[in-house]
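Asker: When you get a sec, could you give me coordinates for this:
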Amino acid sequence: MTYPLLAFLTITLSSAFAPGPSCIMSMAIGQKYGFKKSLLFVFGATLGHLTLLFILAYLNNLLFTFIPSIQNIMRVIGTLYLMYLAWVVFKSPSMDTESPQEDPTINKKMFISAYFLQFINPKAILFTITIFSTYGFPYFDDMLPILLMIFVMNFSMFSSLLTWSAFGSLLHHFILKHQKAFNTVMALLLFYCAFSVSGIFPIIQNLLAS
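Answerer: Next comes the predicted model:
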């Protein structure tokens, strides 16, 4: 049985670089605090994602049958947290100078928030389980290829977050002149992610189709 490497890489890269909660937050933090400071968020998110991948790979079959029973609870938690992040970004004050006042606790908050952000998106969790179930365990009996899959998926996310952070940092001077508009757009994108996680879009589509 030939392994569909191209399909695996395509879906992994497209998923990693698509706008999601972590990418949007990386860009917002890169713009506000600079690329170097945003690395704390990137490393926290990458470590959280790596932890999640190991858990999902180890418990793949169990979680595939268990998670649907608690999916609604996960959706509520994920939706509320993403809406909270959207509100924080929207209410973030515009900067009158190019160097925001340093918060001595921001480093710890940024890292912890990024780490646990990876565990509240049921859509991403179910997607990852599907990847393992489709491109992993049906093809491999030992853990080495699965570890390689984990490395590829985690490195793809790390590269994506670096790219989004760099993009926000490079646009710092431009966005500084349009800070409120930028905060509003980032908040709206996070609200979209929240509603996507909530599962309300399929319900609306079904209502419109009926």
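Asker: average pLDDT across the host helix or strand of residue 185?
Answerer: In this structure, residue 185 is located in helix 179-198 according to DSSP states H and E. Throughout helix 179-198, pLDDT has a mean value of 76.
Asker: same deal with stretch 29-39?
Answerer: Stretch 29-39 shows a mean pLDDT of 89.
Asker: Can you give the contact residues for that stretch?
Answerer: 26, 41, 92, 95, 100, 106, 110, 164-169, 171-172, 175, 182 (C-beta atoms under 8 Å, 6 or more residues apart in numbering). To be clear about C-beta, it is placed using only N, CA and C from the backbone, and glycine gets the same treatment.
Asker: Can you flag the buried ones in the residues you listed?
Answerer: 26, 41, 92, 110, 164, 165, 166, 168, 169, 172, 175, 182 (16 or more other C-beta atoms under 10 Å).
Asker: Can you convert these into CSV and add a column each for secondary structure and distance to residue 156?
Answerer: Shown next, in CSV, are those (DSSP: H, G, I helix; E, B strand; the rest coil; distance: C-beta to C-beta, whole Å):
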residue, secondary structure, distance to residue 156
26, helix, 14
41, helix, 17
92, coil, 28
110, helix, 22
164, helix, 13
165, helix, 15
166, helix, 16
168, helix, 19
169, helix, 20
172, helix, 25
175, helix, 26
182, helix, 26
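Asker: so which two of the residues you listed are the farthest from each other?
Answerer: 92 and 166 (20.0 Å; C-beta to C-beta).
Asker: Below-threshold pLDDT in this protein: ranges please.
Answerer: 1, 61-71, 74, 78, 92-105, 197-207, 209-210 (pLDDT under 70).
Asker: Quick check: the residue nearest in space to the middle of it vs residue 189, distance?
Answerer: Centroid-nearest residue in the chain, with C-alpha atoms, centre = their mean: residue 22, separated by 3.4 Å. Separation of residue 22 from residue 189 (C-beta to C-beta, to the nearest Å): 12 Å.
Asker: before we move on, what about residue 109?
Answerer: Residue 109 is 21 Å from residue 189, by C-beta to C-beta.
Asker: what do you get for residue 126?
Answerer: 21 Å.
Asker: who has more neighbours, those two?
Answerer: The neighbour comparison of residue 126 against residue 189 (other C-beta atoms under 10 Å) goes to residue 189, with 20 against 17.
Asker: The more buried one and residue 19 touch, don't they?
Answerer: Yes - applying C-beta atoms under 8 Å as the test, residue 189 and residue 19 come out as touching, 6.2 Å apart.
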